[in-house]
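**Q** pasting the structure only:
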């Protein structure tokens, strides 16, 4: 069955640009991970489309979505092996795309055997908790590269709304609020009412629970699991530890062991709902054991579980900057300098660092301004750039620190 190009897909250039160098690489399996519905399948379709536009014959593109007909009955390694063999009779490099590959238990052996043929460039996606659980590491012997796909960042959110013909507000702050409340799942941008958007995300949370969590770990009491999930989601961006979370949950009248809390939170991380961010002592250059922050892969998870639409801009803006930087492949940690905290220390792939502080505004008072600058001004041991990102339109200059408007910084796709 020849591949048919889909023409109604928003082009997520920041991810395609990362993957293009591996399009024709037959030694490395390309693994796309990310929370459900974040757009992994669309990106694979975009890759296949680019290949055909650049001269690859349609018969050399093998695209199988194992969740959809006619391939939804493929559930064994023998069936998967036969499906690939029956469709790979052409000469030259074959480009093999398999979506929802976790439907086949033991797929790693089949995929690796076709990789060893030497004329297959292989791309796979699937359930995050499965693909990240260690089987790839042990069975594919390092012959793969992972591309972590996130829901839409704020700049992408604006672009996809235009792509779908949605009217944008001329006021940047209005659009930022819309993004915060709606979230960044691509399909949500197609929907018109907030009720439909919330319902979509609520159903997505249930789908993640059933397909990515419950099938992988034992959960004796769903209500207890959901209490922990809601607690951590409601406290995103706050410094905490597994022990602190356990103590707070017990205070709510729920009997639970620390080990169970740790297991449930790891399940939320594996399903890509939560993203852990370690804390780092900037003077000793050591990680602070136990303490970390948890950010959300998408802010809509918070609003889907709460009736309150008020925006706490402190953690919300941190979360937006975190996912924006993560989408650019920065290594990210929270910095501590004595009793002060720097929101983010970023490191790029060339080992360059930058320091980032995030705040809604510094114009309320001189005390507010001093508080937000203080941690950055303590960084005196190197000359890497320091950023203070706020929603202020009036920007300052102080001690070489770059004060930038957060909205414009992200809209323009700037790097740190």
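**A** Cool, the structure landed. For clarity, every value in this text was computed on a predicted model and none was experimentally measured.

**Q** all strands for this protein, in order.
**A** Secondary structure of the chain (DSSP state E): strands at 29-33, 61-65, 94-99, 120-125, 144-148, 274-281, 286-296, 331-337, 340-347, 353-358, 386-390, 397-398, 401-405.

**Q** next, format the ones you listed as TSV and append mean pLDDT.
**A** Below are the strands of the chain laid out as TSV (pLDDT from 0 to 100):
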stretch	mean pLDDT
strand 29-33	95
strand 61-65	95
strand 94-99	97
strand 120-125	97
strand 144-148	93
strand 274-281	90
strand 286-296	83
strand 331-337	90
strand 340-347	93
strand 353-358	96
strand 386-390	98
strand 397-398	92
strand 401-405	98
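
**Q** I'd like those strands as CSV, with distance to residue 195 appended.
**A** For every residue, glycine as well, the C-beta is placed using N, CA and C. Compiled in CSV, those are given as follows (distance: least, C-beta to C-beta, whole Å):
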stretch, distance to residue 195
strand 29-33, 30
strand 61-65, 29
strand 94-99, 30
strand 120-125, 30
strand 144-148, 31
strand 274-281, 26
strand 286-296, 21
strand 331-337, 34
strand 340-347, 34
strand 353-358, 31
strand 386-390, 32
strand 397-398, 45
strand 401-405, 32
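
**Q** save these as a markdown table, and put in mean neighbour count too.
**A** Listed next are the strands of the chain as a markdown table, based on neighbours: other C-beta atoms under 10 Å:
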| stretch | mean neighbour count |
| --- | --- |
| strand 29-33 | 22 |
| strand 61-65 | 21 |
| strand 94-99 | 23 |
| strand 120-125 | 23 |
| strand 144-148 | 17 |
| strand 274-281 | 17 |
| strand 286-296 | 17 |
| strand 331-337 | 19 |
| strand 340-347 | 20 |
| strand 353-358 | 22 |
| strand 386-390 | 24 |
| strand 397-398 | 11 |
| strand 401-405 | 18 |
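
**Q** ok, which of these comes nearest residue 158?
**A** Among these, strand 401-405 comes nearest to residue 158, with 14.7 Å by C-beta to C-beta.

**Q** what pairs with the closest one, parallel or antiparallel?
**A** Its sheet considered, strand 401-405 pairs with strand 386-390 (parallel), strand 397-398 (antiparallel) by DSSP bridges.

**Q** could you list the domains of this structure?
**A** If you go by automatic domain parsing, the domain ranges for the chain are 13-148, 154-273+301-308.

**Q** average pLDDT for the shortest one?
**A** In this case it means domain 154-273+301-308. When pLDDT is averaged over domain 154-273+301-308, the result is 95.

**Q** measure that domain end to end?
**A** Taking C-alpha to C-alpha, to the nearest Å, the first and last residues of domain 154-273+301-308 lie 22 Å apart.

**Q** surely residue 61 and residue 53 touch.
**A** No - with contact defined as C-beta atoms under 8 Å, residue 61 does not reach residue 53; the gap is 11.5 Å.

**Q** quick revisit: of all the strands of the chain, which lies closest to residue 378?
**A** Among the strands of the chain, strand 331-337 comes nearest to residue 378, with 4.7 Å by C-beta to C-beta.

**Q** just checking, what packs against the closest one?
**A** On a contact count with 3 or more C-beta pairs under 8 Å, 6 or more residues apart in numbering; DSSP states H and E, strand 331-337 meets strand 274-281, strand 286-296, helix 313-327, strand 340-347.

**Q** of these, which is nearest residue 410?
**A** helix 313-327 (5.4 Å).

**Q** can you give the contact residues for that closest one?
**A** The contact list for helix 313-327, computed with C-beta atoms under 8 Å, 6 or more residues apart in numbering, reads 14, 148, 150-151, 153-155, 179-180, 184, 236-238, 275, 277, 295-299, 332, 343-344, 346, 356, 358-360, 389, 391, 406, 410, 416.

**Q** same question for stretch 207-219.
**A** By C-beta under 8 Å, 6+ apart, stretch 207-219 touches 35-36, 127-130, 133, 222, 225, 263-264, 267-268, 270-271, 273.

**Q** for it, list every residue counted as buried.
**A** 208, 209, 211, 212, 213, 216, 219 (16 or more other C-beta atoms under 10 Å).

**Q** residue 221: neighbour count?
**A** Using other C-beta atoms under 10 Å, residue 221 is surrounded by 11 other residues.
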